[in-house]
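Colleague: With the input below, show me the fold.
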Amino acid sequence: MSRRALRVVCSFSLLLPLAAHEGGHKNLKPTKASRDLALSRRKLGAAKKNIAGQGAYQCCVKPSCDLCARVNGSCACAANVVKGLGACGECYAGWLAGRGAVKGVDRKTVTLLPAEKQASPVRCEMPGELREAADALLRAKRTLVEEKRFFCCIRGGCGQCAHEADCPCGADLAAGRGVCGDCMDGWRSGRGSFIGIPLSDVTLAPVDAHAVMGPAAPSGTSQAPAAAPMDMLAKRLGAWKLMLHGVLFAVYSDQTGPRGRDKIFSTNWLMLSGSRRLGPGTLTLRSMLSLEPATVTKRRYPLLFQGGETAFGVPIISGQHPHDFFMELAANYQLRLGERTSFHVYGGPRGEPALGPPAYPHRPSASENPVATLSHHFQDSTHIASNVVTAGITYGPVTGEVSGFHGREPGEHRWRLDTGGIDSLAARLTVNPTPRWTAQFSLGRINNREATHPLRDSLRQTASVMYIRPMAAGHWATSLVWGRNHDLTYTQLPGPPPTLFAAGIRPQHVVVVPTRIPGQIYNSFLAESTLLFRKRNWIWTRIESTDKDSLLLFEEAPFVLLVDEQRFTRVQAFTAGYERDLPFPASWLNVGAGGQITVFRAPDNLAPVYGRHPVGAQLFLRLRLVEPRKSLP
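Modeller: Residues are numbered from 1 along each chain as shown. Down below sits the predicted model:
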């Protein structure tokens, strides 16, 4: 490459954000070109169906390419790859990303076919939608150029990046990172727009073969909007794409009222995942670890009105248990079945079944809040479950899943990996109508859920909506969640049979005659929102209203094991917080300092015990792994 060409390209590249191509990260910030891009996609799809109906559109990848329709008005890539001739640039990139759809063809043998040989020999009548699509795409390109998010390296601009509303091919070519398949095809056809760049310097941008899920998967197979920010470190190791996520909060917490306590602790997690092509699909190995068994001493931290699980054999009251060291050890395999359809199977000794929204530590709307939700055990507590198996199918924006898992909550010995057979079931329906919206409804039967009530089974229902709005210097994330536990009626017999003890089920509530234990229904409601503005300032809120049981009347003590828990009351919590990102020399680590205040509302039957409006406050330092280019100066 000549120095002149390098200066020209680099001068423009400074104005552009970096982005990826096939299977990479897309720029999901708002653009005024959205309407024209949607129109172009719609018309182009209709034109492709028309041409295919005339026998002149036979593509070799799924989803099918757009390049041949835009340039040639036909596509013969399927026949060409079978003959060993190669494919168009967009199809070529698709094969490298694992989207090849012609059986018996090894993707390593697919090459780039010159443009003059790509058209189908079958003659067809050009549909009017093709011209309408081209006109809409041209208007969109002009808008994207005005917004300084389209800097292409071929004359006329590539359509592949235009449909992603961002083209960095010019800057990427200058930096030696490669270009999209459309641009590579254009260069091979003599449409390169930079003088002094030899054809040998034009290569295809690296593809992320694992990036076929679409919406983000924060934990397990739960989904967040595709526009959700994903902070991580990424590296290629041979055929593997490795990703490392991590967050640590160092927290000082203090709470007022008769039951208020203070404590210094840390909440944290680290996720390592690796993806690669395996056979016709994509394999992803996932692990998530937490040091909370060490950084949350005495097996809980103070959180007024919180309950669930045990510490030293006693039910936790007004406290939150730490997460297990092994939060996730699982694998996911995804197979694309068509242009809009894919199948996945997920499972492992520790994972998250298809029940509930993404757990609170992994929701973008709660990213800066260091403590748990009061609704945790009614909405997303199964995010750490044993022996999970999930199968799901995605068609367009809709995903349906079913899961089997071990229903017992993790034991209080947090360093070990709990075991148990699959005895519980769940199902979830998730809809992603746009990159900014995700909604889910799930239902599950959780058997033998609690150590203190091991014979009690529960039905859980959850529904949630998540919204992400990318902005020029930040983003806005909001979640609305409803969760409902129906603890089912059961009969407890005197002298439990030895088989229960052999299975590790030891009822704590002793009866002398057969006793019918009534069912209980608990509802919980949550709204939370987090705003990042001016690149380094965060504000957030969380509002909760949740049912609670009668254990809140008591202190933590062994006799509480004899108390028959019943739905007792409903409490509310209102949280507001602020955080500011701080300069830090390590470019891969983002550091923030902040604080939050929570005002609780105790009902009349709890006010004498807790006070009418006790207050909780946290001051914290937050560390997060990020892409080096996202660090602050």
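
Colleague: Need the nearest residue in space to residue 628, chain neighbours excluded.
Modeller: On the basis of C-beta to C-beta, 6 or more residues apart in numbering, the spatially nearest residue to residue 628 that is not a chain neighbour turns out to be residue 587, at 4.0 Å. From N, CA and C alone the C-beta is placed, and that goes for glycine too.

Colleague: Could you count how many residues lie near the one you found?
Modeller: Here the neighbour count serves as a burial measure; for residue 587 (other C-beta atoms under 10 Å) it reads 14.

Colleague: quick one: secondary structure of it?
Modeller: Assigned by DSSP: H, G, I helix; E, B strand; the rest coil, the conformation of residue 587 is coil.

Colleague: Roughly how far does it sit from residue 491?
Modeller: In this structure, residue 587 lies at 62 Å from residue 491, with C-beta to C-beta, to the nearest Å as the measure.

Colleague: Please look at residue 514 and residue 492 and confirm they touch.
Modeller: Yes: counting by C-beta atoms under 8 Å, residue 514 does reach residue 492; the two are 7.4 Å apart.

Colleague: And the two? Which one has more around it.
Modeller: Relative neighbour count places residue 492 above the other of residue 514 and residue 492, with 17 against 9, counting by other C-beta under 10 Å.

Colleague: Just the CA trace of the helix or strand containing residue 134, in CSV.
Modeller: Applying DSSP states H and E as the criterion places residue 134 in helix 128-146. Taking only C-alpha atoms (Å, rounded to 0.1, in the frame of the first residue of the first chain), the coordinates of helix 128-146 have been written out as CSV:
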residue,chain,number,x,y,z
GLY,A,128,-39.8,-4.3,-10.2
GLU,A,129,-39.0,-4.8,-6.5
LEU,A,130,-35.3,-5.1,-7.4
ARG,A,131,-35.3,-1.5,-8.6
GLU,A,132,-37.2,-0.3,-5.6
ALA,A,133,-34.8,-2.1,-3.3
ALA,A,134,-31.8,-0.5,-5.1
ASP,A,135,-33.3,3.0,-4.8
ALA,A,136,-34.1,2.6,-1.1
LEU,A,137,-30.5,1.3,-0.4
LEU,A,138,-29.0,4.2,-2.3
ARG,A,139,-30.9,6.7,-0.2
ALA,A,140,-29.8,4.8,3.0
LYS,A,141,-26.2,4.9,1.9
ARG,A,142,-26.3,8.7,1.5
THR,A,143,-27.8,9.1,4.9
LEU,A,144,-25.2,6.8,6.5
VAL,A,145,-22.4,8.8,4.8
GLU,A,146,-23.9,12.0,6.3
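
Colleague: Determine the set of other helices and strands touching the one helix or strand residue 481 maps to.
Modeller: Residue 481 belongs to strand 474-487 when assigned by DSSP H and E. With contacts defined as 3 or more C-beta pairs under 8 Å, 6 or more residues apart in numbering; DSSP states H and E, the packing partners of strand 474-487 are helix 376-379, strand 458-471, strand 520-533.

Colleague: Looking at those, spot the one closest to residue 188.
Modeller: Smallest distance to residue 188 across these (C-beta to C-beta): 34.2 Å, for strand 458-471.

Colleague: Show me the shaky parts of the stretch 201-350 of the chain.
Modeller: By pLDDT under 70, the low-scoring segments of the stretch 201-350 of the chain are 206-216.

Colleague: which residues in it form strands?
Modeller: Defined through DSSP state E, counting those that start in this stretch, the strands belonging to the stretch 201-350 of the chain, from first to last, are 233-237, 240-255, 262-278, 281-289, 301-311, 314-320, 326-336, 341-351.
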